[in-house]
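# this one's structure only:
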C-alpha cells in the first residue's frame, strides 16, 4: 500500500481507506490485523506491536565544563541529566477496529515513545503521558451512511492530517524522524468528515490543535491518485481563533505551535521496489501581543524519503534527507517570564541539514533495524548568542545511532 504514515495512523483508518488502496514499495511493513468474531459487534480487526531500542548520541555535553546545550548534559550537576547512551522500551500499542457496517469504530491504546526527531535528545522510556489523552492514542466512532457512498463522519480522538511521517515508529521506514514531523500535531479531539470519489479523497477535521483542549483548529488533507505509481497529497492546518500562551498542550508552553497556520504537500512515486516521497512544508505564526509574540515567526522544511525493498528477501533500507530553516519570533517577558525567543526546532533561527539511513530486517512479525542519523546546523546563532551540541554548547553537529527490535501482530 502507498506509504502514507500519518501520526498514530491505524491500519484500516476509514477516512483514508481509498488513499491506501495502491501497492507500493515499503522498507517496513506495519502490523497485519487479526480478524476475530466480535459477537453482536460483528467482525473486528486487532493489531499492535511492541519494540525496544538501544542508542548512542554524540551531542550531549558536560555541564561541569561549559553549561547546558540544546539537547542536555550527560551530568546532573547543573540540571536534568541527558545520557549519551542507553536502552529504552519504544512503543507498546494495541488497536481494535470495526471497519464494516454503517457504524464503525477504532480504539488504539498503550504507550508510545519509539520515534526520535534527529537533533533532539532521546526522549527516554515509553510513556502513556505523552499526550493529554493518556493511554488512549486513538478512539473514535465513524458513521458510514449507505445513502451517501464515499462519505464518512468520525468523532473522538482522531489522527492528525498533517505530514507524511507517523508518530508510531514501526509505521515509518526510519526510527529517526525529521524536523518537519517535530512541528506537526500528534492527534486531536474533534470531528472529521471524509469524502472519496474515484481517484480523489478529501478530509476535513476540526478539533483541539496540539492536543490542548481548545477547539479552534482546522485541518485538511486532499489526495489524488494519478495512476498506480503516483499519488499527490496536499495538507493544511489553521488556528481559527487564539490559543492562550499557557494552555496545556503536547507542544509545551510555547504558543507559536497551536496558533500557527501550516501548508504542505508530499508526492509518492513508486518504481519497482523503490518508493520516493518528497515533502515540503511551511508554518507561520503572526505577531500577537496577547501571546507575547512580538514579531512574525515561521518555519520551512523540505525532505526526501526513500524506501527500497530487496526483492522477496527480509532485507530493506529506508533513508531520508532534510533541510529546514526557521525564523524566531521574539518573546516578551509578560508571555513566558523571560526576554528570549520562541523556538520551532533545536534553537531560534536554526537552519540545518540532516540525513538518516536505516537498514532493516523483517521476518513475518519480527523486525530489527539500525538507524544512523546526522544533523548539521548551518546556523546556530541568534540575538548575539550561540547554541549547539557537545561540551562547548556551540557544536554544529549531532550524531544519533539506534538499534531497534520488536514484534508486530
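Thanks, I have it. None of these values were measured; they are calculated from a predicted model.

# which residues does residue 183 contact?
Neighbouring residues of residue 183 by Cβ atoms under 8 Å, 6 or more residues apart in numbering: 257, 262, 281, 283, 299, 301, 344, 345. For the C-beta atoms, the positions are set from N, CA and C on the backbone; glycine is no exception.

# and if you look at residue 279?
By Cβ under 8 Å, 6+ apart, the residues touching residue 279 are 163, 164, 180, 264, 265, 266, 267, 301, 302, 303, 304, 305.

# could you give the bridge partners of residue 319?
residue 306, residue 357 (DSSP bridges).

# same deal with residue 203?
Where residue 203 sits in a bridge, its partners, by DSSP bridges, are residue 194, residue 221.

# ok, now residue 37?
Applying DSSP bridges, one finds that residue 37 bridges with residue 43.

# got it, and residue 97?
Assigned bridge partners for residue 97, using DSSP bridges, are residue 45, residue 106.

# about what we covered before: between the contacts of residue 279, which is closest to residue 128?
Nearest to residue 128, judged by Cβ to Cβ, of these is residue 163 at 23.4 Å.

# am I right that that closest one is in contact with residue 179?
No. Residue 163 is beyond contact range of residue 179, at 11.0 Å (criterion: Cβ atoms under 8 Å).

# show me where the stretch 1-150 of the chain has its helices.
Counting by DSSP state H, counting those that start in this stretch, the stretch 1-150 of the chain has helices at residues 63-66.

# so which of the contacts of residue 183 belong to helices?
Among the contacts of residue 183, DSSP state H puts none in helices.

# residue 400 and residue 117 touch, don't they?
No. The pair residue 400 and residue 117 fails to qualify as a contact (Cβ under 8 Å) at a distance of 9.6 Å.

# what sits in contact with each of these two?
Counting by Cβ under 8 Å, 6+ apart, the common neighbours of residue 400 and residue 117 are residue 176.

# neighbour-wise, which of these two wins?
Remark: of residue 400 and residue 117, residue 400 carries more neighbours, 26 against 23, as counted by other Cβ atoms under 10 Å.

# beta partners of the more buried one?
Taking DSSP bridges, one obtains residue 57, residue 373 as the residues bridged to residue 400.

# re earlier: adding pLDDT, secondary structure and distance to residue 391, write the contacts of residue 279 out as a markdown table.
As requested, these are arranged in a markdown table below (pLDDT from 0 to 100; DSSP: H, G, I helix; E, B strand; the rest coil; distance: Cβ to Cβ, whole Å):
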| residue | pLDDT | secondary structure | distance to residue 391 |
| --- | --- | --- | --- |
| 163 | 96 | coil | 34 |
| 164 | 97 | coil | 35 |
| 180 | 97 | helix | 29 |
| 264 | 98 | strand | 37 |
| 265 | 98 | strand | 40 |
| 266 | 98 | strand | 38 |
| 267 | 98 | strand | 42 |
| 301 | 98 | strand | 29 |
| 302 | 98 | strand | 31 |
| 303 | 98 | strand | 30 |
| 304 | 98 | strand | 33 |
| 305 | 98 | strand | 33 |
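
# filter those to the buried ones?
163, 164, 180, 264, 265, 266, 267, 301, 302, 303, 305 (16 or more other Cβ atoms under 10 Å).

# farthest pair within those?
Greatest spatial distance among the buried ones among the contacts of residue 279 (Cβ to Cβ): 267 and 301, at 15.3 Å.

# name the nearest residue to residue 55, sequence neighbours excluded.
residue 402 (4.6 Å; Cβ to Cβ, 6 or more residues apart in numbering).

# next one: residue 133
In space, residue 133 is closest to residue 157, 5.3 Å off (Cβ to Cβ, 6+ apart).

# ok, now residue 85?
residue 56 (4.6 Å).

# so the one you found makes contact with residue 87?
No. Using Cβ under 8 Å, residue 56 makes no contact with residue 87, being 10.6 Å away.

# more neighbours: these two, which one.
Neighbours per residue (other Cβ under 10 Å) separate residue 56 from residue 87, with residue 56 holding more: 15 against 12.

# contacts only, for that one.
Contacts of residue 56 (Cβ under 8 Å, 6+ apart): 84, 85, 399, 400, 401, 402.

# just checking, the third one touches residue 373?
This means residue 399. Yes. Judged on Cβ under 8 Å, residue 399 makes contact with residue 373 at a distance of 7.2 Å.

# between those two, which is the more surrounded one?
residue 373 (27 against 15).

# the more buried one and residue 122, how far apart?
With distances taken as Cβ to Cβ, to the nearest Å, residue 373 is found 12 Å from residue 122.
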